[in-house]
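Novice: Next come a sequence and a model predicted from it.
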Number of protein chains: 2
Amino acid sequence: MKTVNVGILGLGTVGGGTALVLQRNAQEIFRRVGREVLVTMASVRNLESDRLCDCSNLSLTQDPFRIVDHADIDVVVELIGGESLAKDLVLRAISNGKHVVTANKALIALHGNEIFAAAEANGVSVSFESAVAGGISIIKSMREGLAGNQIEMVAGIINGTGNFILTEMRDKGRTFEDVLAEAQALGYAEADPTFDVEGIDAAHKLTILASIAYGTPLQFEKVYTEGISALSLTDVAYAEELGYRIKHLGIAKATDTGLELRVHPTLIPAARLIANVNGVMNAVLVKGNAVGNTLHYGAGAGAEPTASAVVADILDLVRGIDGACASRVPHLGFQASEIIEREVKAHAKFETACYLRFEVKDVAGVMSKLSAEFAKQNISLEGITQKEPKAGDDLVSVIFITQVTEEGRVDEVVASIEAMSEVFKPAVKIRVEHFN
Amino acid sequence: MKTVNVGILGLGTVGGGTALVLQRNAQEIFRRVGREVLVTMASVRNLESDRLCDCSNLSLTQDPFRIVDHADIDVVVELIGGESLAKDLVLRAISNGKHVVTANKALIALHGNEIFAAAEANGVSVSFESAVAGGISIIKSMREGLAGNQIEMVAGIINGTGNFILTEMRDKGRTFEDVLAEAQALGYAEADPTFDVEGIDAAHKLTILASIAYGTPLQFEKVYTEGISALSLTDVAYAEELGYRIKHLGIAKATDTGLELRVHPTLIPAARLIANVNGVMNAVLVKGNAVGNTLHYGAGAGAEPTASAVVADILDLVRGIDGACASRVPHLGFQASEIIEREVKAHAKFETACYLRFEVKDVAGVMSKLSAEFAKQNISLEGITQKEPKAGDDLVSVIFITQVTEEGRVDEVVASIEAMSEVFKPAVKIRVEHFN
């Protein structure tokens, strides 16, 4: 069968890794798909840089448009990142009738609706497995492996930098700032860490997962997002004492009154498998109405794990490229005509349990005064813990864990408690999910 | 588009669950695949039994051959289990040009080579996602999601009954026999538990996983198999003290000198995610040469989790049924012409660490006498532990954990030690895998 020619836009970490994996595993890949898959062109910023892959049979160019316009290229792999140029290149490849593979989560989360419409109009496919959770084939698992299910919930550790920071804080008692500095030195975190630590990267990925779970349009702007930069060691330690771990999760949940799309630190019972996913690793919990809970675990970033997903997308295309089946699975797993808007809830309407910590003056009756506020709002409590004051301190921490309730009602209780003269600091609120 | 008519052979737990899931999720399924998928016929043993699904629009028959021969049936779903009749039905469906979905691991492990050849000759597809690890879409993940990788190792908890027994033994200090009786009462284990507790069921599944990992023919007879029936509470507890958990694993590993295909109890460091998979749940660890370690976790059995995988297979077919792409992915993930025999190692050649426990008379010098035997064979030790003798007992347990070595050499050491007059019981040997 005819060789498939791949053109890669961007030959950095992921691009170089992709070419390397295609080269090193060429024999295995031929055995799988019955034809050669060759990277024949790649665009680079600097022609002289060192590369991860062998470039001897590869035509390098500094003009990525030469690749998307080249008649011999069958599949365009977009790995330059960013939004503007990447979008122009992807749309031009599509209008040239070329299939596209991309690892660009921001591009898909923000411009996916437009890109998929263009792809469908041109009879080509845009694949983006590597955009979420690196080497874990979570998109394939959800669009195909779990296609018989109604998805009830997706909850994922989908930012490796954030998970590395939380793991170090818990295991070694290090502060957020201290670990972040190390993560930057190790290359896990960008020089500007905002995307990672403020949850934007996770929100991009959650946007994609949610649309695949529910067959809804991509709607990044509706994701409620909190990062981990405000997390204190105190709460990491108290959570532990109470039998929980804190993880930064992206959660998409279907409820009778709408979808919850949220990214925030979350207490999870320590016995849950997902609570034990440590370091830079990613994991996605998917709950289907037939299968129950499934967990999908692996490396979320890095040259070769990401390349693993990019290559899987290429091979998926190659397996169907001669028939009409390259677009066999629709982009979001649902027929384009069946992509349906659903109500997305404001965060005050989220149904969740909460961990609340108040710093209060250690005076008689204060516990019952605080507890009474929960009773007023009819919020049941899972537990109340009072921590001993630190030496020389007359403030004590009081921790409430609520049962599942509407978050807005918890916020009202917090506001009334914060208004009390015995209460000193703004309260800490961290959501709790049990994942039974 | 035309409705797809499904005929189910066997309407018991999985068959009824499959019809139920197709009925309950019909709207979601239509949104996904753009056509109706209807169960129109089913074969049953007894026409009067209670069913999990609505049978009002379903033609029931006691003759399964009526279904595989029926012109209106597009997909045959074989869920009667067993080997002989199931094989006849599947081969007849194939020769009638029908696609087949089956959950029958014994059928695929023992007769898959013949069945796949027949399917390829007839241009149809035989899907068997539900045959391994129930609702976890591990076959899709390996054949497609990880297709860019050379698979270095697969290691799975792939028998839920066995994992339930091991979990109870560890958590509650109950004996094997005690838990087995409960598992039988709960319906987790068959009246004849041999297939589960002696590892035969796991070996069927490992046979399938190994062929998909390496593109080799199915060769059940070459799997080295040990069950869990000989495991003692003593070793479960000692393993725990040493920082390990014992899990019953199916392992397929590629080495320079051949494949290791083995099913046996295994010590795993307690911190590994797979060591924390408890109860009836299944999990499969796959290590690829690009992606590194991935873990795939979910329910391994039960009506709806298994149905989830059966329905996924049906929908995969439906998505390609009008094009030439129903057989887009070859049965074992590799082109039929590329299925290659590879040397399978005898268990004496396995590369593994071992936990060894000897009961010895508590006399001076015995530890060094035993240790000397390892030195003679040049086997490095990870650790040696001597347990205090129990009250009134003059025997002590001595535990050695070796570093990774050829298992046959460990067996020689064990034989020399067992021959010593100070050594009383046959040694316990449990393999150790670190899964770094």
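Specialist: Received the coordinates, thanks. Numbering: from 1, shown residues only, chains lettered A, B, ... in the order given.
Novice: what helices or strands is the host helix or strand of residue A:305 leaning on?
Specialist: Following DSSP states H and E, one finds residue A:305 within helix A:303-320. The contact analysis (3 or more C-beta pairs under 8 Å, 6 or more residues apart in numbering or on different chains; DSSP states H and E) places helix A:303-320 against strand A:4-9, helix A:13-24, helix A:26-33, strand A:37-43, strand A:75-78, strand A:99-102, strand A:126-127. Quick note: C-beta positions are derived from backbone N, CA and C, even for glycine.
Novice: Okay, buried residues for the helix or strand following it please.
Specialist: Counting by DSSP H and E, the next helix or strand C-terminal to helix A:303-320 is strand A:351-361. Within strand A:351-361, the residues that count as buried by 16 or more other C-beta atoms under 10 Å in any protein chain shown are A:352-360.
Novice: before we move on, what about stretch A:162-172?
Specialist: A:162-170.
Novice: Helices - which of those residues land there?
Specialist: A:162-170 (DSSP state H).
Novice: tell me the residue furthest from the middle of chain A?
Specialist: residue A:364 (45.6 Å; C-alpha atoms, centre = their mean).
Novice: which residues in the stretch 101-250 of chain A form helices?
Specialist: A:105-122, A:138-140, A:160-172, A:176-186, A:194-197, A:200-214, A:233-241 (DSSP state H, counting those that start in this stretch).
Novice: helices and strands around the fifth one, which ones?
Specialist: With contacts defined as 3+ C-beta pairs under 8 Å, 6+ apart, the packing partners of helix A:194-197 are helix A:160-172.
Novice: So which elements touch the helix it packs on?
Specialist: helix A:176-186, helix A:194-197, helix A:233-241, strand A:244-255, strand A:281-288.
Novice: if we go to 10 Å?
Specialist: helix A:176-186, helix A:194-197, helix A:200-214, helix A:233-241, strand A:244-255, strand A:258-269, strand A:281-288 (3 or more C-beta pairs under 10 Å, 6 or more residues apart in numbering or on different chains; DSSP states H and E).
Novice: Tell me the residues on the stretch 1-150 of chain A that lie near chain B, please.
Specialist: The stretch 1-150 of chain A comes close to chain B at residues A:17-18, A:20-22, A:24-25, A:27-35, A:37, A:129, A:134-150, as judged by C-beta under 10 Å from any C-beta of the partner chain.
Novice: What subset of those is buried?
Specialist: A:17-18, A:20-22, A:24-25, A:28-29, A:31-35, A:37, A:129, A:134-150.
Novice: State the pLDDT value of residue A:271.
Specialist: pLDDT recorded at residue A:271 is 94.
Novice: got the contact list for it?
Specialist: Residue A:271 is in contact with A:243-245, B:276, B:278, counting by C-beta atoms under 10 Å, 6 or more residues apart in numbering or on different chains.
Novice: So which of those wins on neighbours?
Specialist: residue A:244 (24 neighbours; other C-beta atoms under 10 Å in any protein chain shown).
Novice: for that one, what are its contacts?
Specialist: Residue A:244 sits next to A:236, A:238, A:266-272, A:275, A:355, A:401, A:430, A:432-434 when contact means C-beta under 10 Å, 6+ apart.
Novice: quick one: which of these is nearest residue B:408?
Specialist: Closest to residue B:408 out of the contacts of residue A:244 is residue A:271 (39.6 Å), distances taken as C-beta to C-beta.
Novice: Flag the shaky bits of the stretch 201-350 of chain A, pLDDT-wise.
Specialist: Scanning the stretch 201-350 of chain A for pLDDT under 70 picks out A:323-327.
Novice: how many other residues sit next to the closest residue to residue A:215 other than its chain neighbours?
Specialist: In this structure, residue A:215 finds its nearest non-sequential neighbour in residue A:334, 3.4 Å apart by C-beta to C-beta, 6 or more residues apart in numbering or on different chains. Around residue A:334 there are 25 other residues, counting by other C-beta under 10 Å.
Novice: what do you get for residue A:54?
Specialist: For residue A:54, using other C-beta under 10 Å, the count is 12.
Novice: separation between the nearest residue to it once chain neighbours are set aside and residue A:5?
Specialist: Closest residue to residue A:54 apart from its sequence neighbours, by C-beta to C-beta, 6+ apart: residue A:23 at 5.8 Å. For residue A:23, the distance to residue A:5 (C-beta to C-beta, to the nearest Å) stands at 14 Å.
Novice: so what's residue A:341 up against?
Specialist: With C-beta under 10 Å, 6+ apart, residue A:341 has these contacts: A:216-217, A:219.
Novice: Which secondary structure state does the closest residue to residue A:16 other than its chain neighbours sit in?
Specialist: In space, and not counting its chain neighbours, residue A:16 is closest to residue A:52: 3.2 Å by C-beta to C-beta, 6+ apart. Using DSSP: H, G, I helix; E, B strand; the rest coil, the structure places residue A:52 in coil.
Novice: So residue A:52 sits against residue A:22, correct?
Specialist: No - the pair residue A:52 and residue A:22 fails to qualify as a contact (C-beta atoms under 10 Å) at a distance of 11.6 Å.
Novice: list the residues that contact both of the two?
Specialist: Joint contacts of residue A:52 and residue A:22 (C-beta under 10 Å, 6+ apart) are residue A:307.
Novice: Switch the contacts of residue A:341 over to TSV, and while doing so, append distance to residue B:199 to every line.
Specialist: Conversion of those to TSV gives the following (distance: C-beta to C-beta, whole Å):
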residue	distance to residue B:199
A:216	45
A:217	49
A:219	49
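Novice: Closest one to chain B out of those residues, please.
Specialist: Each of these was scored against chain B by C-beta to the nearest C-beta, and residue A:216 proved nearest at 11.0 Å.
Novice: Confirm for me that residue A:382 is in contact with residue A:356.
Specialist: No - counting by C-beta under 10 Å, residue A:382 sits too far from residue A:356 to count as a contact (11.1 Å).
Novice: tell me, what's touching these two both at once?
Specialist: A:400-402, A:432.
Novice: element containing residue A:431, please.
Specialist: Here residue A:431 is assigned to strand A:428-432, by DSSP H and E.
Novice: Restrict that strand to CA atoms and write it as CSV.
Specialist: Coordinates of each C-alpha in strand A:428-432 appear next as CSV, following Å, rounded to 0.1, in the frame of the first residue of the first chain:
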residue,chain,number,x,y,z
VAL,A,428,-10.9,28.3,53.7
LYS,A,429,-13.4,26.4,51.5
ILE,A,430,-12.3,23.3,49.6
ARG,A,431,-14.8,21.1,47.8
VAL,A,432,-15.1,17.4,48.8
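Novice: tell me the domain ranges of chain A?
Specialist: A:4-135+A:303-338, A:139-299, A:349-432 (automatic domain parsing).
Novice: nearest to residue B:301, of those?
Specialist: It is, among those and with distance given as C-beta to C-beta, domain A:139-299, at 11.3 Å.
Novice: pLDDT at residue A:352, what is it?
Specialist: Looking at residue A:352, its pLDDT is 95.
Novice: list the contacts for it?
Specialist: By C-beta under 10 Å, 6+ apart, the residues touching residue A:352 are A:251, A:253, A:260, A:262, A:264, A:266, A:402, A:404-407, A:410, A:431-433.
Novice: just the residues you listed now: which is nearest chain B?
Specialist: Once C-beta to the nearest C-beta is applied, the member of those that ends up nearest chain B is residue A:253, at 16.2 Å.
Novice: The stretch 301-436 of chain A against chain B: which residues are in contact?
Specialist: A:302-316, A:318-320, A:322-330, A:332-340.
Novice: Filter those down to the buried ones.
Specialist: Using 16+ other C-beta under 10 Å, the buried ones in those are A:302-316, A:318-320, A:325-330, A:332-334, A:338-339.
Novice: if we can go back for a sec, name the member of the contacts of residue A:244 with the most neighbours.
Specialist: residue A:266 (28 neighbours).
Novice: Look up the closest residue to it, ignoring the ones flanking it.
Specialist: That would be residue A:249: by C-beta to C-beta, 6+ apart, it lies 4.6 Å from residue A:266.
Novice: again with residue A:338
Specialist: That would be residue B:31: by C-beta to C-beta, 6+ apart, it lies 3.8 Å from residue A:338.
Novice: Help me confirm that the one you found comes into contact with residue B:37.
Specialist: No - in this structure residue B:31 lies outside contact range of residue B:37 using C-beta under 10 Å: 11.9 Å.
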